[in-house]
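# Starting from these lines, generate the structure:
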Amino acid sequence: MTIKNSLQRLYPLLSSIVQTIRINKILVLILLCIALYLPGISSLPATDRDESRYMQASKQMLASGNMIDIRFQQESRHKKPVGIYWLQSGAANAAKALGIAATERSPYRLPSTLGATFSVLLLYLGFRKVIGDSQAFFAAVLLACSLLIAVEAHLAKTDAMLLATIVCMQTGLAQLYCNTQKKHPWIPRLFFWLGLSLAMLIKGPVAPILAFLTLGWICWKEGSLRPLRAIQPLPWLLVPLLVVGPWLLSIQLVSNGSYLQSSIGQDFFAKILQGQESHGAPPGTYLLITPLLLWPACWLLIPQGWVGLKSSTGKTIPATQFMCGWLIPNWIFLELVPTKLPHYVLPLIPSLCLLAGVGIVESSKHQNSLIPVSKWPQKIGMATWAISGTVLAIAIPGLSFWSNGTITPAAILISLLCISTLIVATRITKPIDRLFITSLSAALTFGLIFEIFLPQLSRAWPAEHLRKLIDTHGLGKLPVSIMAYHEPSVVFNLGTDTNLTDFEGVVSHAKNNSDSIVIVPSDQTSALKQRLEATCETRILGKVEGVNYSKGRNMDLNIIQCRLLNSPKAKITTSSKIRLES
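Numbers count the residues shown, from 1 in each chain. Predicted coordinates for the structure are as follows:
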């Protein structure tokens, strides 16, 4: 048998394997999410403030065994529902069984990583019968490669898992509205009501408002209440009652009826009526900043989303109306809300990705790659993509120099990747080729940023350095008191009983414990020694210099071991200072 004949017989088998790989889009999406979201979830230090609050509250829930009440140290955390805390404490409990330390961040971040991954998979699986298989696949890739979702996938917060539940909810509503499940309509109803219920258990009224505005839009466009009747509210309202009701009743009893007042009245409605926590901004803010936060997918999302909107005809009109109902009224609502944070628009990005997925397929049918009506959106997409890429190329080395006094190799490589993407991509016109470049650029850049670059910003992680320095001396079990630096990451790293106090509190802590750790600013060290010289022996274990980025303040902290003079333990000797260079 000649080699030619062997190859001819082998070719059909190879062709079949290649086609199988190509059509196994689920596997492609899973591998893409692994490449985008797993790097950094362990190496990135605990961030302030929200993430560390969530992780610490989940750690305390696991330690106490109280799965109803939510607490940060002794303070009640009644601003958000319990769903994310259950997921994080469950992941941490599984990690504990494997011998992973309580201060390890990855177990607490795993629900967010899975939430982002589920969002991508649900977008494809749920909408491939609504808009088409290729269209839904391209939409899922665009969602996966957006910087905003990549950030949330690395943080132990609510938003990535909330996105997964909302995509589940909207999948059911879209299938009902577009009538894609004629034989078993209970399946999309289950998706809708279960997604809504789980979203409420994670972030309260966000999903009900989004569903209400989406339904209002499509009912208005259709001129009837058919979409509302399709979800059958009366019997299916039992689902959220059964999912959310037991915990809500329990927390109302535990909090003496104050939970709803705190979470809905003081937190949610306060953000709607006025800017909170210095995050107020005028309407139009999201239109300006969101395209930059969707790098590197923004150069496709904007022009191809416009193509998808303009190319809808016949059977695709209901799907387009649904995507507009998901995007437009909810975006207007967020623009009108005074309190603005970048991640608030995350639940709306899948609708833009779906429009862009349709647009990519439509554009690929034309020789010129771009439908004429998309010329000005194309310019906007390219402009925002170029601006965000340039900002990253400049800011990454700048941050490296600010933190380390030098530009690290990782910073140089990230900057070169951004610049090379800008240069190469200008020569690419086909949307599918652009999508490939987008996913490749995102995987390489995000991996370097989260796994290597951010952990190397030593000045940004003082709490991490405090813990490592104390552990280096084998004193991790001593009670700790700290002044001037009271961020949640301090409590997560140094322990639940860490005393966040002032100068007098630090003095009292040292006098009331036979052996303890106190952390004070360097300029307060002499005054502290004078106050304690009659009662305690002290030694400086080391110094940590950094920045409290939540408040924009530089810090210079001394870590001091204090032991009562009448302590039965052996006296400590003065050691040389250990300085963690920033």
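# OK, contacts around Asp133?
Asp133 sits next to Lys25 when contact means Cβ atoms under 8 Å, 6 or more residues apart in numbering. In this view, the C-beta of every residue, glycine as well, is placed from N, C-alpha and C.
# Against Leu253, how distant is it?
Taking Cβ to Cβ, to the nearest Å as the criterion, Asp133 is separated from Leu253 by 49 Å.
# do Leu494 as well
33 Å.
# Now do the buried residues in stretch 509-527.
His509, Ala510, Asn513, Asp515, Ser516, Ile517, Val518, Ile519, Val520, Gln524, Thr525 (16 or more other Cβ atoms under 10 Å).
# Between all of those, which two are separated the most?
Spanning the widest gap among the buried residues of stretch 509-527 are Asp515 and Gln524, at 20.8 Å by Cβ to Cβ.
# that's a strand at Gln561, yeah?
Yes. Secondary structure of Gln561 (DSSP: H, G, I helix; E, B strand; the rest coil): part of a strand.
# Tell me the secondary structure at the residue nearest to it when sequence neighbours are not counted.
With Cβ to Cβ, 6 or more residues apart in numbering as the criterion, Gln561 has its nearest non-adjacent residue at 5.3 Å, and that residue is Arg539. In the three-state summary, Arg539 is assigned as strand, counting by three-state DSSP.
# coming back round to it: need the buried residues of stretch 509-527 in TSV (columns: distance to Ile560).
As requested, these are exported to TSV (distance: Cβ to Cβ, whole Å):
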residue	distance to Ile560
His509	11
Ala510	8
Asn513	13
Asp515	12
Ser516	9
Ile517	7
Val518	5
Ile519	7
Val520	7
Gln524	10
Thr525	7
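# can you put those residues in CSV and add secondary structure?
Listed next are the buried residues of stretch 509-527 as CSV, based on three-state DSSP:
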residue, secondary structure
His509, helix
Ala510, helix
Asn513, coil
Asp515, strand
Ser516, strand
Ile517, strand
Val518, strand
Ile519, strand
Val520, strand
Gln524, helix
Thr525, helix
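# what's the closest of these to Pro338?
Of all the buried residues of stretch 509-527, the one with the least separation from Pro338 (Cβ to Cβ) is Ile519, at 37.1 Å.
# how close does Gly83 sit to Cys353?
Relative to Cys353, Gly83 is positioned 24 Å away (Cβ to Cβ).
# For these two, indicate the residue with more neighbours.
Legend: neighbour count by other Cβ atoms under 10 Å for Gly83 and Cys353, higher for Cys353 (32 against 24).
# before we move on, which element is the more buried one in?
Remark: Cys353 resides in helix 349-364, with elements defined by DSSP states H and E.
# Buried residues of that helix, list them for me.
Neighbour counts using 16+ other Cβ under 10 Å place 349-363 of helix 349-364 among the buried residues.
# Looking at these, which one is closest to Ile396?
When those are ranked by distance to Ile396 (Cβ to Cβ), Ile349 comes first, at 23.5 Å.
# helices and strands around the helix holding Cys353, which ones?
Other elements packing on helix 349-364 under the criterion 3 or more Cβ pairs under 8 Å, 6 or more residues apart in numbering; DSSP states H and E are helix 106-131, helix 133-144, helix 159-177, helix 298-310, helix 317-336, helix 431-448.
# Quick check: which of those is nearest to Leu565?
Nearest to Leu565, of these and by Cβ to Cβ, is helix 106-131 at 41.1 Å.
# Specify the angle between that closest one and helix 317-336 in degrees.
140 degrees (axes from the mean of the first three to the mean of the last three Cα atoms, to 10 degrees).
# now the strands for the chain?
Listed from the start of the chain, the chain has strands (DSSP state E) covering 71-72, 75-76, 480-483, 499-501, 515-521, 536-548, 553-564, 579-580.
# Between those strands, which one is closest to Ile414.
Closest of the strands of the chain to Ile414 is strand 536-548, at 21.0 Å (criterion: Cβ to Cβ).
# Direction included, what does that closest one pair up with?
strand 553-564 (antiparallel), strand 579-580 (parallel) (DSSP bridges).
# would you turn those strands into CSV with mean neighbour count, distance to Tyr286 and mean pLDDT?
CSV is the format used below for these (neighbours: other Cβ atoms under 10 Å; distance: least, Cβ to Cβ, whole Å; pLDDT from 0 to 100):
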stretch, mean neighbour count, distance to Tyr286, mean pLDDT
strand 553-564, 19, 29, 95
strand 579-580, 16, 39, 36
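# Looking at these, which is nearest to Glu335?
With Cβ to Cβ as the measure, strand 553-564 is the member of the strands paired with strand 536-548 nearest Glu335 (32.1 Å).
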